[in-house]
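Student: Sequence and predicted structure below; questions after.
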Amino acid sequence: MPLAETSQGDGRAVVSNIAARLERLPMSRYQRRIFAVIASAWLVDQIDVALLTFLLGSIVVAFGLSPTEAGQLAAMTFAGQLVGNVVAGTASDRFGRKAVFQVTMVVWGLASLAAATAWSLPVLMACRFLIGAGVGGEAPVAQAMVSEIVPAPVRGKYIAILEGFWAVGYVLSGAISFFVLPHLGWRWAFVVVGLLSLVVLAVRRNMPESPRWLAESGHHAEAEAVMATMERAVERATGRPLPPVTPQIAAAVAEAVPAPRLSAVATLFAPAYRMRTVMAFGLWFFALIGFFGLNSWIAVLLKERGFSIVGSVGFVTLITLGGIPGFATAAVLLERIGRKPTTALFLICAAAAAWLYGNAAGETWLFVSGFVMQFFMFGMWSCLYAYTPELYPTRARATGAGFASAFGRIGAILGPMIVPVLVRDYGPATAFQVGAGGFLIAAILVLTLGVETRGKVLEAVSQ
């Protein structure tokens with residue numbers, strides 16, 4: 001059903017038309033190619049944001065930082081992510097996914113190259129803030145883009161796989177640090193990642209705009225043009241005619257209740273979304289207190305247990321490999337048992353594993369518990385990114401994901417600042433107990449306030 005048949009009528013009919021046509025598209029190499037472009041950018045920016053975990057020990061030595069200064073440096077990345085989450089998420093709902101997605105990579109790529117030249121702690125902190133702003137801005141846009149293009153039956157899986165590239169990026173970040181640090185020093189690690197960003201920027205230039213966003217924003221002719229291009233591309237990729245819009249898809253879209261035309265930010269706090277917003281904000285806040293409170297200091301804590309700087313980097317890189325099967329498992333469970341139970345399961349198991357890691361006696365148990373901890377923590381990330389954008393309508397999807405992530409960054413800022421105080425006063429194990437507590441509170445919020453979104457058309461579940 002081409003858009004021309006409905007463009008003269010109600011705008012909601014246009015949105016429904018585009019949504020129904022998108023949902024009936026079979027998953028093909030065309031959508032997977034778009035996904036690969038988004039995922040490649042996601043991979044490289046996660047390499048960049050993870051660098052500080054592996055370079056912090058060297059930077060502490062190079063600048064003679066105190067534990068408080070090191071915590072402040074780590075917190076700058078998260079402060080930047082907070083700003084990027086809010087600004088880019090809101091801008092994406094206002095100006096479109098594609099343009100904002102491009103800008104975010106330019107910001108953090110140039111900032112990474114600049115970090116390599118930092119001559120003082122304030123300069124390095126400013127660079128890490130800009131890196132965080134670029135990476136944080138990219139997150140809600142990528143979530144919205146994938147959720148709006150991939151059909152409902154596999155939407156959660158693909159967003160979970162997207163987030164899983166963080167685990168791969170984390171491992172690659174550790175590998176780059178492991179090989180670059182001994183020979184060239186920490187500055188060249190930033191150079192390598194900055195150059196990678198230029199390659200990915202060139203790759204993503206041909207990414208299309210989201211037809212859902214175009215239709216929702218009133219750009220009906222452009223929505224039709226992009227939608228028609230996608231339909232032709234999927235037909236070529238599959239080698240057969242497209243299936244018709246099924247009655248089930250049409251009904252699911254038609255039953256979506258037309259919401260009042262509120263601004264994106266106001267939509268988050270409208271009665272229909274208020275409890276979802278409370279859940280999402282709290283989920284991100286407590287989950288990220290746990291994750292970054294542990295991971296920003298994990299290499300430093302290992303150093304205190306007798307590991308060398310290079311040895312601690314290698315150890316963290318090895319246990320982070322556990323995140324790869326973790327996100328793969330989450331991707332499967334999100335579609336099989338649902339968003340709520342999978343998210344709660346991974347949070348609870350991450351809490352248990354963090355407590356065990358903090359109390360591990362020997363290196364063997366330290367490795368085993370650390371591997372399991374990373375399995376569940378990175379799986380948890382896949383759940384957060386798959387679940388959050390499904391909670392809000394297209395006009396506020398990136399804004400909702402961005403604001404929720406921003407609350408998470410507040411937790412991420414507090415975590416690295418709280419940990420050194422706890423380590424100083426109560427010992428390293430206390431930091432992991434606090435992290436476990438954050439994961440448990442997040443799980444309770446999901447179980448009590450969360451809604452299930454598995455397998456539902458976005459227009460139906462988010463209206």
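Tutor: In hand now; what should we look at?
Student: So which bits of stretch 86-100 are buried?
Tutor: For stretch 86-100, burial by neighbour count (16 or more other CB atoms under 10 Å) applies to 86-93, 96-98, 100. The way it works is simple: take the backbone N, C-alpha and C, and place the C-beta from them, glycine included.
Student: same question, stretch 193-200
Tutor: 193-194, 196-197, 200.
Student: and which of the residues you listed is nearest Leu288?
Tutor: Closest approach to Leu288 among the buried residues of stretch 193-200 (CB to CB): Val193, at 22.0 Å.
Student: tally of neighbours for the nearest residue to the closest one once chain neighbours are set aside?
Tutor: Leaving aside its sequence neighbours, Val193 sits nearest to Asp48 (CB to CB, 6 or more residues apart in numbering; 4.7 Å). Close neighbours of Asp48, defined as other CB atoms under 10 Å, add up to 28.
Student: Gly338 now?
Tutor: If you count neighbours by other CB under 10 Å, Gly338 ends up with 17.
Student: quick one, phi/psi of it?
Tutor: Main-chain torsions, Gly338, degrees, to the nearest 10: phi 110, psi 170.
Student: before we move on, the earlier item: of the buried residues of stretch 86-100, which belong to helices?
Tutor: Residues from these lying in helices, with DSSP state H as the criterion: 86-93, 97-98, 100.
Student: For those residues, give me JSON lines that also has pLDDT.
Tutor: Output for these, formatted as JSON lines (pLDDT from 0 to 100):
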{"residue": "Val86", "pLDDT": "84"}
{"residue": "Val87", "pLDDT": "86"}
{"residue": "Ala88", "pLDDT": "84"}
{"residue": "Gly89", "pLDDT": "80"}
{"residue": "Thr90", "pLDDT": "84"}
{"residue": "Ala91", "pLDDT": "85"}
{"residue": "Ser92", "pLDDT": "85"}
{"residue": "Asp93", "pLDDT": "83"}
{"residue": "Arg97", "pLDDT": "84"}
{"residue": "Lys98", "pLDDT": "83"}
{"residue": "Val100", "pLDDT": "85"}
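Student: Taking these, tell me the two that lie furthest apart.
Tutor: Comparing every pair within those by CB to CB identifies Val86 and Lys98 as the most remote, at 19.5 Å.
Student: what would the buried residues of stretch 86-100 look like in TSV with distance to Thr343?
Tutor: Shown next, in TSV, are the buried residues of stretch 86-100 (distance: CB to CB, whole Å):
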residue	distance to Thr343
Val86	23
Val87	27
Ala88	24
Gly89	20
Thr90	25
Ala91	28
Ser92	24
Asp93	24
Gly96	29
Arg97	25
Lys98	29
Val100	27
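Student: Can you list the residue ranges for strands in the stretch 201-350 of the chain?
Tutor: In the stretch 201-350 of the chain, no strands are defined using DSSP state E, counting those that start in this stretch.
Student: what's the closest of the buried residues of stretch 86-100 to Glu23?
Tutor: Arg97 (18.1 Å).
Student: quick one: contacts for the closest one?
Tutor: For Arg97, the contacting residues are 141, 144-145, 148, 209-210, 213, 398, by CB atoms under 8 Å, 6 or more residues apart in numbering.
Student: Which pair in the buried residues of stretch 86-100 has the greatest spatial separation?
Tutor: Of all pairs drawn from the buried residues of stretch 86-100, the greatest distance, 19.5 Å, lies between Val86 and Lys98 (CB to CB).
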